[in-house]
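Student: Output the structure for:
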Amino acid sequence: MTRIPARTPTLTNWKAAVAEIELSPIKAMELRASRLPGTISLAQGIPSFDTPEPIRRYIIEKIEEGVCGKYSVSPGLPQLRESISESLRREGMSYDPDGEIIVTCGSIEAIAATLLAFISSGDQVIIASPTYASYLPAIRIAGGVPCFAPLDEDANFDLDPEVIERAITRRTRAILLCNPNNPTGTIYSEAHTERMMQLAERHGLLVITDEVYKEFVYTTETPGSPAKLGRHRDRVVRVCSFSKAHAMTGWRVGFLHTDRRRADAILSVHDALVTCAPVAAQYGAIAALEIGDEFVDRFREDLRRRRARVMERLDSLPHVFDYQMPNASYFAFPRVKDTVALARDSRALANDILERARVALVPGAAFGPSGESHLRICYAREEADVDRAFDRLSDYFAGRSPRSYSLPAKPEPAAARGVRDVGMRVLETLARLYLSRAKPQVVAIAGHRGKTMLKRTMTELLGEQLRVRSSPLSYNTEIGLLLSVLDAAHPEAPLDARRPSSILRALVRALRQALLPEAIDVLIVELGVRQAGDMQRLLRIVRPSIAVITPLAPGSFADAATLSVLREEIRTLVESTRALGGCVVQCGNGSESEPLAADVVRVGPGDLIESGTGRSLVVGDKIFSVEREVVGDSGVNAVAAGVLVARRLGIADDWIERFLAGHAASFSRRVGTR
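Tutor: Okay, the predicted model is just below:
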């Protein structure tokens, strides 16, 4: 049995820690938005749904009975704790309602009370980056020091237990994780959870797991929950909430469950902080557990539709955003491409969008170092508001905002220009050397809508049987292609072409790759073009054997002139690929997508057939059953093109069938995919 160390509060640095705490950037953005008339907020994670009527009615009945005007016992109403215990039993966990469950003022009070109970001044707490912004002040109030373990964005912000292990020091006392993750919507798997708990056991660490979004999961994968691993229960504190799943954010009620000895220590802090959770809200939680399932199911389906709509709107801004498909929660966390002004200063960008477009988003920097260059978008708001917000964002990024914005240009020093130009020439030479030695099949993706989804889907599918490398984080520039070919972009220190030191670091990594080439079968690259002549420059670097073109239909970002240039540049790619005897696949088989050439292979939404027995995908002479989740037209394009390319590269149909059934293994650990 793990000994729980006694924690003596240390006040020496407490005032200094409190002085460093600022209002959460999420709440700060919401506060600013409230002061600007006409603002649409997609900032704070507030669902648009009202608390279900049966829950409200039950609370009113209890208020009228006169049972809500007095404190409950500090751990919470016995009836509520018994209901929680029963719900945990249905999830495969056994916790005594009398001593191992505490009802709290929402999840953040549960987390703060736990940290105050077990963290002393100078103790380190490992958190993922990016992760929920309010963890940082909670750790600091307890006197702790937050230490970041970066998530792997190229693998959909996956959790790597080895990264956590590297962050552990002799001062580390706890790991605090949000699963599903806020802001990325990532699900940490059961296998990774087991490995993380083995680490915690070896190093004697407490694990606090925040699972407030567990009801909003859109895949068949079950999030890993340390509390379900019985042999680790004495070192796990699991935190849940009624705020999200039951639309009760204003009622402030959640709960935690843990081993009795830990619960005793936390209860003392909880009592000192709040005495008890609001009693009326506790009765609402009882109703939520007894009658709330049907509402949760309805909320989940509504959010699934809104997620698909947000993915469509992000696809319509391909020159602005790259994104990962969120598998859970109700947030999207797209990366702003380097070509966008203020991309590397998400606070300034979010503030400028708020000021000029009257749309409130949360800057990615609020969620830790790995969050920079991202924006968090909450799609739990009304769908009409989400659409109106994206209309404004489209205008903003196209320079059509009410007050046109342009980033003041700073003259580039001559020395920096010289280093950059030399670096570019060296990188280009090294890229050609690498390709000549490694000889991978090159799959090039170009076009307008849905490139990110296509790239990730194809990487996952091909990675089942082939050694694949791709660069999901598209820089959409010439240097971005060079970095993709050479695998020279560092995930924790993205290249800044304006800084000579950044160029030099990339050169060192590129030289290593060129001289000691990684053996791969397939290299997937994105050819980003914006103006005439871009494609010719990119084709000097790579000669694709397969080109996949995403739809070029007009959207809110690309006007007719822009699309005309893009179409001509892509014709250059098509002609080059065909001249080498390669294959060209064009996505979008509707009337809005005109053929680029007579002999290209076309795939698209029309290839996915819905019937009473399920869904089927027609690719060439083969019909595949589809069980995996496919979201929107871009999702169908990605799956159809991926299957066609997989068959051309020799992947057997039975492996493709496993992938379409949703049973394929994760690709992220098979091959380095940066």
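Student: ok, the residue lying closest to Asp234 once chain neighbours are set aside to Val237 distance?
Tutor: Of all residues not flanking Asp234 in the chain, Asp259 sits nearest, at 4.3 Å (Cβ to Cβ, 6 or more residues apart in numbering). For glycine as for every other residue, the C-beta is placed from the backbone atoms N, C-alpha and C. Computed as Cβ to Cβ, to the nearest Å, the Asp259 to Val237 distance reads 9 Å.
Student: For the two, indicate the residue with more neighbours.
Tutor: Ranked by neighbour count (other Cβ atoms under 10 Å), Asp259 and Val237 place Val237 first, with 28 against 20.
Student: The more buried one reaches Glu211, doesn't it?
Tutor: No - the pair Val237 and Glu211 does not pass the contact test of Cβ atoms under 8 Å, sitting 11.0 Å apart.
Student: check contacts around the residue sitting nearest the centre point of the chain.
Tutor: In the chain, the C-alpha closest to the average C-alpha coordinate belongs to Thr184, at a distance of 2.4 Å (Cα atoms, centre = their mean). The contact partners of Thr184, by Cβ atoms under 8 Å, 6 or more residues apart in numbering, come to Pro130, Leu151, Asn156, Phe157, Gln324, Pro326, Phe331, Phe333.
Student: Excluding chain neighbours, what is closest to the fifth one?
Tutor: Spatially, and ignoring its direct neighbours in sequence, Gln324 is nearest to Asn156 (4.8 Å; Cβ to Cβ, 6+ apart).
Student: Spell out which residues make up each domain of this structure.
Tutor: The record assigns the chain these domain ranges, following automatic domain parsing: 49-294, 415-660.
Student: average pLDDT for the first one?
Tutor: Mean pLDDT, domain 49-294: 94.
Student: so how far is that domain from its chain's centroid?
Tutor: Here the centre of mass of C-alpha atoms in domain 49-294, compared against the chain's by Cα atoms, centre = their mean, to the nearest Å, lies 20 Å away.
Student: Excluding residues flanking it in the chain, which one is nearest Leu523?
Tutor: Closest residue in space to Leu523, ignoring its immediate chain neighbours: Pro440 at 4.2 Å, by Cβ to Cβ, 6+ apart.
Student: Who are the contact partners of the one you found?
Tutor: Remark: with contacts taken as Cβ under 8 Å, 6+ apart, Pro440 is in contact with Arg469, Ile520, Asp521, Val522, Leu523.
Student: Which single one of these is nearest to Ala431?
Tutor: If you rank the contacts of Pro440 by distance to Ala431 using Cβ to Cβ, Leu523 comes first, at 10.6 Å.
Student: SS state for the closest one?
Tutor: At Leu523, secondary structure determined by DSSP: H, G, I helix; E, B strand; the rest coil is strand.
Student: Use 383 as the first number for this chain going forward.
Tutor: Okay, using 383 as the starting number, the last item reads as Leu905.
Student: what sits opposite it in the beta ladder?
Tutor: In this structure, Leu905 bridges to Val824, Arg851 when assessed by DSSP bridges.
Student: Surely it and Val867 touch.
Tutor: Yes - the pair formed by Leu905 and Val867 meets the contact definition of Cβ under 8 Å, at 6.8 Å.
Student: Pull up the overlap in contacts between these two.
Tutor: Taking Cβ under 8 Å, 6+ apart as the contact rule, Leu905 and Val867 both touch Leu817, Val924.
Student: Columns distance to Arg729 on top of the domains of the chain, output as JSON lines?
Tutor: Rendered in JSON lines, the data for the domains of the chain read as follows (distance: least, Cβ to Cβ, whole Å):
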{"stretch": "domain 431-676", "distance to Arg729": "12"}
{"stretch": "domain 797-1042", "distance to Arg729": "17"}
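Student: Ok, which of those comes nearest Glu412?
Tutor: Checking the domains of the chain against Glu412 by Cβ to Cβ gives domain 431-676 as the closest, at 12.0 Å.
Student: before we move on, the earlier item: which of the contacts of Thr566 sits closest to Gly1032?
Tutor: Within the set of the contacts of Thr566, Asn538 lies nearest Gly1032; the separation is 26.3 Å, counting by Cβ to Cβ.
Student: how close does that closest one get to Ile1038?
Tutor: Computed as Cβ to Cβ, the Asn538 to Ile1038 distance reads 21 Å.
Student: Neighbour count: these two, which is higher?
Tutor: When Asn538 is set against Ile1038 and neighbours are counted by other Cβ under 10 Å, the residue ahead is Ile1038, at 23 against 20.
Student: Please, which helix or strand holds the more buried one?
Tutor: With elements delineated by DSSP states H and E, Ile1038 resides in helix 1035-1042, which encompasses its position.
Student: could you measure Ala870 against Leu815, distance?
Tutor: Using Cβ to Cβ, we find Ala870 at a distance of 13 Å from Leu815.
Student: more neighbours, those two?
Tutor: Just comparing Ala870 and Leu815: by other Cβ under 10 Å the higher neighbour count belongs to Ala870, 26 against 17.
Student: that's a strand at the more buried one, yeah?
Tutor: No - in this structure, Ala870 is coil, not part of a strand, as judged by three-state DSSP.
Student: how near is it to Leu889?
Tutor: For Ala870, the distance to Leu889 (Cβ to Cβ) stands at 8 Å.
Student: Would you mind grabbing the residues shared as contacts by these two?
Tutor: Among the neighbours of Ala870, those also in contact with Leu889 (Cβ under 8 Å, 6+ apart) are Leu809.
Student: How far does stretch 425-438 sit from its chain's centre?
Tutor: The offset between the C-alpha centroid of stretch 425-438 and the centroid of the whole chain comes to 23 Å, using Cα atoms, centre = their mean.
Student: Report how far apart the opening and closing residues of that stretch are.
Tutor: By Cα to Cα, to the nearest Å, the extent of stretch 425-438 from end to end equals 26 Å.
Student: go on, stretch 498-515?
Tutor: End-to-end distance (Cα to Cα), stretch 498-515: 18 Å.
Student: circling back: so the residue nearest to Gln706 is in contact with Ser571, correct?
Tutor: No - using Cβ under 8 Å as the test, Asn538 is too far from Ser571 to be in contact (11.2 Å).
Student: re the thing from before, run through who's touching the helix holding Ile1038.
Tutor: Helix 1035-1042 has contacts (Cβ under 8 Å, 6+ apart) with 842-843, 846-847, 999, 1004, 1006-1010, 1021, 1025, 1028-1029, 1046.
Student: Show me which of those residues has the smallest pLDDT value.
Tutor: For those, the least confident entry is Ala1046, with 50.
Student: just the strands in the stretch 833-982 of the chain please.
Tutor: 850-852, 904-908, 928-931, 965-969 (DSSP state E, counting those that start in this stretch).
Student: again, but for the stretch 383-532 of the chain
Tutor: Ranges of strands in the stretch 383-532 of the chain, per DSSP E, counting those that start in this stretch, are 422-423, 483-486, 506-511, 527-532.
Student: okay, the angle between the last one and strand 506-511?
Tutor: In terms of direction (axes from the mean of the first three to the mean of the last three Cα atoms, to 10 degrees), strand 527-532 departs from strand 506-511 by 30 degrees.
Student: What helices and strands are in contact with strand 527-532?
Tutor: Helices and strands touching strand 527-532, as assessed by 3 or more Cβ pairs under 8 Å, 6 or more residues apart in numbering; DSSP states H and E, comprise strand 506-511, helix 517-523, helix 543-549.
Student: switch to 6 Å and redo it
Tutor: Counting contacts by 3 or more Cβ pairs under 6 Å, 6 or more residues apart in numbering; DSSP states H and E, strand 527-532 is packed against strand 506-511, helix 543-549.
Student: List the contacts of the longest one.
Tutor: Contacting residues not belonging to helix 543-549 are listed as Ile508, Cys529, Ala531, His574, Arg577, Met578, Leu581 [Cβ atoms under 6 Å, 6 or more residues apart in numbering].
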